[in-house]
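In: sequence unknown, structure follows:
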């Protein structure tokens, strides 16, 4: 492990930059494109940014994050000492992203990955009206809501949980389909679906009631159709200290009151 090539990335915050300087004075690092493991300093947002950059460049290696942000759900604790020893003991966790395919009102098409969730959100004061299809079958002809999201297990404790969606264990092979402030059908609270399910949203009255689609941090506005599916071709690997892995954290969230 002492000969493994490490790269170091840091968010632009003062705390992360200070930690970066201290690590560079203590350890040797290579450029990200030459690395076997990436060390990411920051919060969950920076971790998502780092993973998306890997997907865009198709240079995917394990990432060991250290929290210098706020929540740090996807990160390990920050320590200067013992980095090489921690990496040698780290437990890898595989994360499979979603793939969002969007067609806008004007006919433009976009394809974006999502590690946490894909969400559709109303753009104006008026509620969104959406048709929901699952594997080609219409399951909700008209969902009137502020929005709806599809969350991976890794993202099920983020926006999905805030919208009262279910917590999904890692490796469960499931995704959560969760409405955001649903008005009609009033009693529908979402669904848990196999990860291989293909979900399609059609925006009804897309001009009068415009809707945006967001894949993690990237937004496409004025959408007409959104298709969401699991993308097993680009698995990602996060490294965690064995005493506090991501699956442990997800399980613990079920008992937080």
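Out: Great, that's in hand. Computed from a predicted model, the values in this text were never measured in an experiment.

In: Strands of the stretch 151-257 of the chain, residue ranges please.
Out: 174-180, 191-194, 199-204, 211-215, 218-220, 223-230, 236-240 (DSSP state E, counting those that start in this stretch).

In: Okay, now the unreliable bits of the stretch 151-257 of the chain?
Out: 257 (pLDDT under 70).

In: Report all helices and strands that the helix or strand containing residue 150 contacts.
Out: For residue 150, the enclosing helix or strand under DSSP states H and E is strand 147-151. Contacts defined by 3 or more C-beta pairs under 8 Å, 6 or more residues apart in numbering; DSSP states H and E place strand 147-151 against strand 117-122, strand 128-134, helix 159-162, strand 174-180. Using the backbone N, CA and C atoms, a C-beta is placed for each residue, glycine as well.

In: Tell me the gap between the third one and the middle of its chain.
Out: Taking C-alpha atoms, centre = their mean, to the nearest Å, one finds the center of helix 159-162 at 12 Å from the center of the full chain.

In: ok, residues contacting it?
Out: 116-117, 119, 149, 151, 166-167, 176, 178, 253 (C-beta atoms under 8 Å, 6 or more residues apart in numbering).

In: Over to the first one?
Out: With contacts defined as C-beta under 8 Å, 6+ apart, strand 117-122 is touched by 98, 100, 128, 130, 145-152, 155, 158-160, 180, 201, 203, 209-216, 223, 226, 228.

In: and those, which are buried?
Out: Using 16 or more other C-beta atoms under 10 Å as the burial test, the contacts of strand 117-122 include 98, 100, 128, 130, 145, 147-152, 155, 158-160, 180, 201, 203, 209-216, 223, 226, 228 as buried.

In: Any idea how many residues pack against the closest residue in space to residue 71 that isn't next to it in sequence?
Out: Leaving aside its sequence neighbours, residue 71 sits nearest to residue 44 (C-beta to C-beta, 6 or more residues apart in numbering; 5.8 Å). Residues within reach of residue 44, counting by other C-beta atoms under 10 Å, total 18.

In: residues contacting residue 44?
Out: Taking C-beta under 8 Å, 6+ apart, one finds 69-75, 158 in contact with residue 44.

In: again with residue 238
Out: 47, 62-65, 74, 92-93, 95, 246.

In: excluding its backbone neighbours, what's nearest residue 90?
Out: Among residues not flanking residue 90 along the chain, residue 239 sits closest, at 3.9 Å (C-beta to C-beta, 6+ apart).

In: Would you check that the one you found makes contact with residue 92?
Out: Yes - applying C-beta atoms under 8 Å as the test, residue 239 and residue 92 come out as touching, 5.7 Å apart.

In: Mind listing the shared neighbours of those two?
Out: residue 62.

In: how far does stretch 50-68 stretch from start to finish?
Out: Taking C-alpha to C-alpha, to the nearest Å, the first and last residues of stretch 50-68 lie 14 Å apart.

In: residues of that stretch that come out buried?
Out: Buried, per 16+ other C-beta under 10 Å, within stretch 50-68: 50-52, 54-55, 61-68.

In: re earlier: can you put the contacts of helix 159-162 in CSV and add distance to residue 135?
Out: Compiled in CSV, the contacts of helix 159-162 are given as follows (distance: C-beta to C-beta, whole Å):
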residue, distance to residue 135
116, 23
117, 20
119, 21
149, 18
151, 18
166, 20
167, 24
176, 16
178, 18
253, 29
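
In: Quick check: end-to-end length of stretch 21-41?
Out: End-to-end for stretch 21-41, by C-alpha to C-alpha: 11 Å.

In: Then stretch 226-240?
Out: 33 Å.

In: again, but for stretch 89-99
Out: 32 Å.

In: next one: stretch 18-32
Out: Start-to-end, stretch 18-32 (C-alpha to C-alpha) is 19 Å.

In: same check, this time on stretch 34-43
Out: End to end - C-alpha to C-alpha - stretch 34-43 spans 24 Å.

In: begin at 17 from here
Out: That works, and once the first residue is 17, the last one we named lands at stretch 50-59.

In: Sounds good, over and out.
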